[in-house]
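Enquirer: Structural data only, the sequence is not supplied:
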């Protein structure tokens, strides 16, 4: 009796006209969120008989009772579902009434088509947190406490159905007490697959040069003491390792920066919960608006970028030269215990080699972080795939994702159409994610990293394989960027599957359009660093008209040639020199490679043509701030934004059609401003931002007169700049056309895999 239909038919049939029996299929996020126990408890409460079971990612319910009771049962399944569940009733039909008068949970079945909906990893819930802090409870101060409403999911699932045997918890047999909770329908741990306690669950291991402790309480205490002594600790969390140190100590932060070769990039800070809402310590360090508070307290517990306060107790080295700081609250039981005992905020930055996925394996962390960390706090629960922390920024009154990771992804979205075959989109070179799409569904992976290392490609391959296996979907076509030397493109070519290529900026545009399928005709501003365009040049300041599968370039910037090509991304002096040479202007730059670069530029050697606004920002950072080299992507633009004054008048930039009908904004009038050292830096930066905001509005106004436009979109990494965004929104009031930005997908390259999917779907629709 493995088939559910056969099993229901085998029940004794009775004639009861006042009793009705139905079979229901429930899909959506119903795995790992306590949905079956909820169904069981609801049925018991309403006096409904029957059964509930998992079947390859779906939940199958047989329910029997009076017609009115079943109507209430069906409505309540959705209205009162567990907080983390996202159920959808996809089938309901009447079956023959049986003689059964009880309701029970049946063993999971793995027959039938897979209909997986994988849950992200969730932060510890308030019930478990209270229990962990109660000395009378057997899980007092146990760092792996969880229940059906919290704990790891994505990072521990091997396969579906979501049962303990198919998770990283399989090596931890339940003790008698935990088994009793697991099997008790009245217990909040009923069928909680990551269930554990100090007797049968994972344990901590502390290791330093001289000490090794495998007692969980002793290991935790030793790590706290190491942090108090100013040491750097590599701490294994839910989705990988953090590198932690005292966030109030200049010496500790400086040591971490030196060892990790991270001289300038901002470091995220985790705060102990304090005050009535848990945010008292956070408020001492940063200014929070209502939107920020909502995100910080969200169960996903992302890192939130917020304006720094002056004179806080935090080290000034956390985000040098910047006006914002990434802050977040503890999300795992281990974090709560660490922060509570330590009593101060800690740096909690990704435990990785810069640009790579966060490390997950104990032995590999020991080896690869040995030159950075003084001590290690491991645990023995395997992490099956990495999930770095999610990052959000506030702009134009809404939360904007910068990086999707733990707590938010895998992110599933409904497609605005049906794909004829499954595809796997591989995103871009930077901030890589992958997207698996089939039928009308797409699942976007957590952030993987920058595909410049072997490990990044290995993790990309692993995540791609895992998603296909767990969801039971095999991609028939791979989708990647058109850039021939992109690592993801080369990886795709090795897979011996059909490949479709998508232009970088088309993917950016389609990612935003995919969030608003109700809109048909977009004017999409795609401003970023660089991406290969349709004409073979490096785009980065484009306005695209149309919709997914049918974009047409209608506006751009005056092009210029960059000496050194890709080197310009970390050497802003090259972009600054290029602008000056283009206009035969004194560059005021004295870099040691200036003469060589000038000769190459004159000869046209490795000097690709670009329209990149990102490179324009780099040039401005060099000319205004004297920043000739940077240590991370976006370094110069972020410093430029931080230093800008409150308000400024824009310089009106010339705007006219070129010979091919592309509307071009000429940046040339900006150069005298950028090179005028008699004017304060904050004033020049403010004028620069205001001028670019005005330039977008000018382009939009002209194009709106020429074409029908339903909406204006802003997408691409440049629009991570809050000052630029808000000035554009302020100036747009006169246009009368709504402006949109991404709210579910990252505005940067992290959204490209989703955008590639939408672009391919749009192409099918137009075919």
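Expert: Happy to help now that I have it. Since we're looking at a predicted model, the values are computed, not measured.

Enquirer: what are the ranges of the strands in the stretch 601-750 of the chain?
Expert: Per DSSP state E, counting those that start in this stretch, the stretch 601-750 of the chain carries strands over the ranges 609-610, 655-657, 663-665, 711-715, 739-740.

Enquirer: So for the longest one, mean pLDDT?
Expert: For strand 711-715, the per-residue pLDDT values average out at 98.

Enquirer: The third one too?
Expert: For strand 663-665, the mean per-residue pLDDT is 98.

Enquirer: ok, the nearest residue to residue 374 once chain neighbours are set aside - contacts?
Expert: Closest residue in space to residue 374, ignoring its immediate chain neighbours: residue 231 at 4.0 Å, by CB to CB, 6 or more residues apart in numbering. C-betas here are computed from N, CA, C, even on glycine. Contact analysis of residue 231 by CB atoms under 8 Å, 6 or more residues apart in numbering lists 245, 252, 374, 375.

Enquirer: Least confident secondary structure element in this protein?
Expert: Ranking every helix and strand in the chain by mean pLDDT, DSSP states H and E puts helix 4-9 at the bottom, with a mean of 35.

Enquirer: Note down every partner strand of the helix or strand following that one and its orientation.
Expert: Moving toward the C-terminus from helix 4-9, the first helix or strand encountered (DSSP states H and E) is strand 20-29. According to DSSP bridges, strand 20-29 forms sheet pairs with strand 58-65 (antiparallel), strand 86-95 (antiparallel).

Enquirer: what's the spacing between the shortest one and its chain's center?
Expert: It refers to strand 58-65. 35 Å (CA atoms, centre = their mean, to the nearest Å).

Enquirer: ditto for stretch 605-621
Expert: Computed by CA atoms, centre = their mean, the chain-centroid distance of stretch 605-621 equals 27 Å.

Enquirer: Can you tell me which of the strands of the stretch 601-750 of the chain is packed in deepest?
Expert: Mean neighbours per residue, mean count of other CB atoms under 10 Å, is largest over the strands of the stretch 601-750 of the chain for strand 711-715, with a mean of 24.

Enquirer: Report all helices and strands that that one contacts.
Expert: If you count contacts as 3 or more CB pairs under 8 Å, 6 or more residues apart in numbering; DSSP states H and E, strand 711-715 packs onto helix 504-515, strand 522-532, strand 739-740.

Enquirer: gap between the longest one and the chain center?
Expert: When C-alpha coordinates are averaged (CA atoms, centre = their mean), helix 504-515 and its chain have centres 16 Å apart.

Enquirer: Start the count at 23 instead of 1 going forward.
Expert: Got it, the first residue is 23 from now on, which makes the last one we talked about helix 526-537.

Enquirer: now the angle between strand 544-554 and it, please.
Expert: Angle of helix 526-537 versus strand 544-554, following axes from the mean of the first three to the mean of the last three CA atoms, to 10 degrees, is 140 degrees.

Enquirer: Need the max-distance pair from the contacts of residue 253.
Expert: Pairwise distances across the contacts of residue 253 peak at 12.6 Å for 274 and 397 (criterion: CB to CB).

Enquirer: Identify the contacts common to these two.
Expert: Counting by CB under 8 Å, 6+ apart, the residues touching both residue 274 and residue 397 are 253, 254.

Enquirer: Which secondary structure state is assigned to the nearest residue to residue 252 once chain neighbours are set aside?
Expert: Nearest residue to residue 252, sequence neighbours excluded (CB to CB, 6+ apart): residue 274, at 4.6 Å. State at residue 274, reduced to three classes by DSSP: H, G, I helix; E, B strand; the rest coil: helix.

Enquirer: Name the residues of the longest helix seen in the chain that are buried.
Expert: Longest helix in the chain, counting residues (DSSP state H): helix 703-728. Neighbour counts using 16 or more other CB atoms under 10 Å place 703-722, 724-725 of helix 703-728 among the buried residues.

Enquirer: Report the distance from stretch 263-278 to the chain centre.
Expert: On the basis of CA atoms, centre = their mean, stretch 263-278 sits 24 Å off its chain's mean C-alpha point.

Enquirer: Would you map the strands across the stretch 123-272 of the chain?
Expert: 125-127, 226-229, 234-235, 255-258, 263-268.

Enquirer: And the residue nearest the centre of the protein?
Expert: In the chain, the centroid-proximal residue (CA atoms, centre = their mean) is residue 426; its distance is 0.5 Å.

Enquirer: and the strands paired with strand 42-51, which is most packed in?
Expert: Per stretch, and counting mean count of other CB under 10 Å, the top mean among these goes to strand 80-87, which has a mean of 24.

Enquirer: what's the angle from the helix or strand following it to strand 80-87?
Expert: Next in sequence after strand 80-87, counting helices and strands by DSSP H and E, comes helix 89-101. Computed with the same axes, to 10 degrees, the direction of helix 89-101 lies at 150 degrees from that of strand 80-87.

Enquirer: Wait, residue 742 touches residue 769, no?
Expert: Yes - judged on CB atoms under 8 Å, residue 742 makes contact with residue 769 at a distance of 6.2 Å.

Enquirer: Of these two, which one has the most company?
Expert: residue 769 (26 against 21; other CB atoms under 10 Å).

Enquirer: Ramachandran angles for that one?
Expert: Here is the backbone geometry of residue 769 (degrees, to the nearest 10): phi -70, psi -20.

Enquirer: Return the distance of residue 615 relative to residue 90.
Expert: Separation of residue 615 from residue 90 (CB to CB, to the nearest Å) stands at 81 Å.

Enquirer: tell me how far stretch 569-582 is from the chain's mean position?
Expert: Chain-centre distance of stretch 569-582: 27 Å, with CA atoms, centre = their mean.

Enquirer: in it, what counts as buried?
Expert: 569, 570, 571, 573, 575, 576, 577, 578, 579, 580, 581, 582.

Enquirer: In a helix, the fifth one, correct?
Expert: To tie it back to what came earlier, the one meant is residue 575. No - applying three-state DSSP, one finds residue 575 to be strand, outside a helix.

Enquirer: pretty sure it contacts residue 683?
Expert: No - with contact defined as CB under 8 Å, residue 575 does not reach residue 683; the gap is 9.7 Å.

Enquirer: Of all the strands of the stretch 123-272 of the chain, which one comes closest to residue 196?
Expert: strand 125-127 (16.5 Å).

Enquirer: per-residue confidence averaged over the closest one?
Expert: pLDDT averaged over strand 125-127 gives 89.

Enquirer: Neighbour count: residue 615 and residue 90, which is higher?
Expert: residue 615 (15 against 9).

Enquirer: got any ranges where this protein has weak pLDDT?
Expert: 23-39, 133-136, 788-789 (pLDDT under 70).

Enquirer: tally of neighbours for residue 192?
Expert: Neighbours around residue 192, by other CB under 10 Å: 14.

Enquirer: ok, back up a step: ok, now how distant is the residue nearest to residue 396 from residue 280?
Expert: 14 Å.

Enquirer: now residue 166
Expert: Taken as CB to CB, the span from residue 166 to residue 280 is 33 Å.
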